[in-house]
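Visitor: Sequence first, predicted coordinates after that:
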Amino acid sequence: MNISLRFCIFFIVFYGLAACSLEPVEPWDRDILAQKKMQLIPDTLENYADEHIYFSKEASVGGQGVGGGGCGCN
Amino acid sequence: MSKNIPPNTHRHKNVKRIRESLALATCSLLVTSPQPSMAEEYQAPWEIDSSLLIYSERDRVSAFKPVLALRKEIGDDEFIGFRFVADVLTGASPNGAVPTDTAQTFTSPSGESSYTTPANEIPLDDSFEDFRLAISADWEKPLTDTLKGVFGFNFSIETDYTSIGLSSTFSKDLNQKQTTLTMGASVNFDKVNPQGGKPEGFTTMPTPLFPGPPPPPGEDDEDGDDDDGFFKGESKNVGELLIGVTQIINRFTLTQVNYSIGNSSGYLNDPYKILSVLENDGSGDLRTGDSPYVYEKRPSNRTYQSIFWKGVHQLANEDVINISYRYFWDDWDITSHTVDLRYRWEIGGGHYLQPHVRYYQQNAASFYRQTLIDGEELTLDYASADYRLGNFTTQTLGLKYGIYFDNGAEINFRVETMRQRGETESSDAIGKLQNVNLYPDMDASIIQAGISLDTDIISKFLNKAFRNN
């Protein structure tokens, strides 16, 4: 499948699903979303360690962010 | 400020706690609304995150990795952060050659060192030993009420590899900060300086029977790289771009989609990986007319892309599900699927358990080969037997335990097992190799302990300790 078509389908499905259930959340109702455990990366050191391990053992990289440094991992 | 907390029975118990946490809420990444300047009133403490990781593969590589991360708010929603990492690596790594029914001896490109693998065992380069130091710094700065920039720098050095990089990420809040658009870019300028010399792709590895000529002095300079000084070796440059959307779905749910594209160019070979070359008689024997091992050769350019989705949801019992999926593909024909699931189970009293499951499935690069036939190295453009470019799956199972305190400190500990299983390529399993597992399967364990606190907590603790004395 064409790569850009694949990307568009993914985006449309994601936003289609999201739009069905969106509820406005006022700033004073974001106490739960502000908790550390609700962050997209709740434990940055655990995430850093995992990214480094899988980077050195698999051919795939990235997805969550950019940068992070290089490694001559064998 | 009015509060609009839904009449949810189990959450009523927590109303007081929720009120108290509203101040914290306004400091969050997602709620960057203007707030009183706290920096004018007091110096924010340094947040300190530290961890120690021990990674151990059965019969192969072991790594010991301490990490220290520091972060401080230096202005309204403006932060600086530093991360210091050390890696101590020892052990053995598969060199790409296949097992044979006799012992095999392998030599470094310069001929200075060698190692021997017993018969019927996957050849492992047991000379693997490295020490890596990495430092990174970032500066997070609100540029307007709805736009934030994060600017990063990273540097790492190890025996045979040096890396220096810059990154910047911009986040724009939209739709009353329910939606955040993210755009990021990074560049890395790396240098590869192989121990024992840099082998040319598809040249033969010296053996006791075929020692080969010694490499001419200055050979590494043939492509014009600067081999003098601290930052020396073969160049490898990496650039990455990312665009993403983060969306608040409701009070308990958050989701993110990212698209990334990256390009690496320059010296992309692994200088320590080789391929076994077989006789062309279908026997599966190593060739005898020349050295039966050649160094791998990869393209000098790679473009890769990924789509990443993550969802975070808090259940009524305050447990949290964190799930992600990534589809990855590149122009070496590698594709992969990654699913990652963490379930944070609040067991009460500030304790939690977090099971973790990860599944990764990868399809091989177009030039992945487990063996070559005599003469193929003269006709092929590229070939590599690096197990990381093959067809394989990785399964990870883990459990984390954490305890968090009212002052914001946390201590956690996790144990994981990782299992990598690959396929023998039937087209490369010729003759006597047909009944041999040519893929170097791997089992590993991960242990990590972490502690998070800040300088206020430390000074309060010290004050109390000295007062008691």
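Guide: Perfect, thanks for sending it. Residues are numbered from 1 along each chain as shown, chains lettered A, B, ... in the order given.
Visitor: Any stretches of chain A with poor pLDDT?
Guide: Low-confidence segments of chain A (pLDDT under 70): A:1-21, A:74.
Visitor: Rounded mean pLDDT for the helix ranked longest in chain B, please.
Guide: Ranked by residue count, the top helix of chain B under DSSP state H comes out as helix B:455-468. Mean pLDDT, computed over helix B:455-468, is 88.
Visitor: most centrally placed residue in chain A?
Guide: By C-alpha atoms, centre = their mean, the mean C-alpha position of chain A lies nearest to residue A:64, the distance being 4.4 Å.
Visitor: What sits closest to it if chain neighbours are left out?
Guide: Nearest residue to residue A:64 in three dimensions, chain neighbours excluded: residue B:308, at 6.1 Å (C-beta to C-beta, 6 or more residues apart in numbering or on different chains). Any C-beta I mention is one placed from the backbone N, CA and C, and that applies to glycine too.
Visitor: Could I get the full set of strands for the stretch 301-450 of chain B?
Guide: Ranges of strands in the stretch 301-450 of chain B, per DSSP state E, counting those that start in this stretch, are B:301-314, B:320-330, B:335-348, B:351-363, B:371-373, B:392-404, B:410-422, B:442-454.
Visitor: Pick the most buried one from these.
Guide: Highest mean neighbour count among those (mean count of other C-beta atoms under 10 Å in any protein chain shown): strand B:371-373, with a mean of 21.
Visitor: Show me the contact partners of that strand.
Guide: Residues from elsewhere that reach strand B:371-373 (C-beta atoms under 8 Å, 6 or more residues apart in numbering or on different chains): B:98, B:275-280, B:294, B:380, B:383, B:385, B:428-430, B:433, B:438.
Visitor: between the residues you listed, which is closest to residue A:24?
Guide: residue B:385 (55.3 Å; C-beta to C-beta).
Visitor: so the residue nearest to the centre of chain A makes contact with residue A:41?
Guide: Yes: the pair residue A:64 / residue A:41 is scored as a contact, 7.0 Å apart, by C-beta atoms under 8 Å.
Visitor: Need the residues touching each of these two.
Guide: residue A:47.
Visitor: Only the buried residues of the longest helix of chain B, if you could.
Guide: Buried residues in helix B:455-468, counted by 16 or more other C-beta atoms under 10 Å in any protein chain shown: B:456-457.
Visitor: can I assume the residue nearest to residue A:64 is in contact with residue B:257?
Guide: Yes: at 7.1 Å, residue B:308 counts as touching residue B:257 under the criterion of C-beta under 8 Å.
Visitor: Find the residues that touch each one of those two.
Guide: Shared contacts of residue B:308 and residue B:257, counting by C-beta under 8 Å, 6+ apart, come down to residue B:244.
Visitor: Chain A: helices as residue ranges?
Guide: Here chain A has its helices, by DSSP H, at A:3-21, A:44-57.
Visitor: What's the local residue count around residue B:317?
Guide: By other C-beta atoms under 10 Å in any protein chain shown, 8 other residues sit near residue B:317.
Visitor: Which elements pack onto the longest strand seen in chain B?
Guide: Longest strand in chain B by number of residues (criterion: DSSP state E): strand B:124-142. Counting contacts by 3 or more C-beta pairs under 8 Å, 6 or more residues apart in numbering or on different chains; DSSP states H and E, strand B:124-142 packs against strand B:78-94, strand B:114-117, strand B:147-158.
Visitor: any idea of the mean pLDDT for that strand?
Guide: Average pLDDT, strand B:124-142: 91.
Visitor: can you pull the buried residues of it?
Guide: Here strand B:124-142 shows B:124-128, B:130, B:132, B:134, B:136, B:138, B:140-142 as buried, counting by 16+ other C-beta under 10 Å.
Visitor: now stretch B:235-252
Guide: Result for stretch B:235-252 [16+ other C-beta under 10 Å]: buried residues B:235-236, B:238-240, B:242, B:244-252.
Visitor: so where's chain B uncertain?
Guide: B:1-41, B:109-111, B:213-231, B:469.
Visitor: Run the angle between the helix or strand containing residue B:47 and strand B:78-94 for me.
Guide: Here residue B:47 sits within strand B:46-57, counting by DSSP states H and E. Angle of strand B:46-57 versus strand B:78-94, following axes from the mean of the first three to the mean of the last three C-alpha atoms, to 10 degrees, is 10 degrees.
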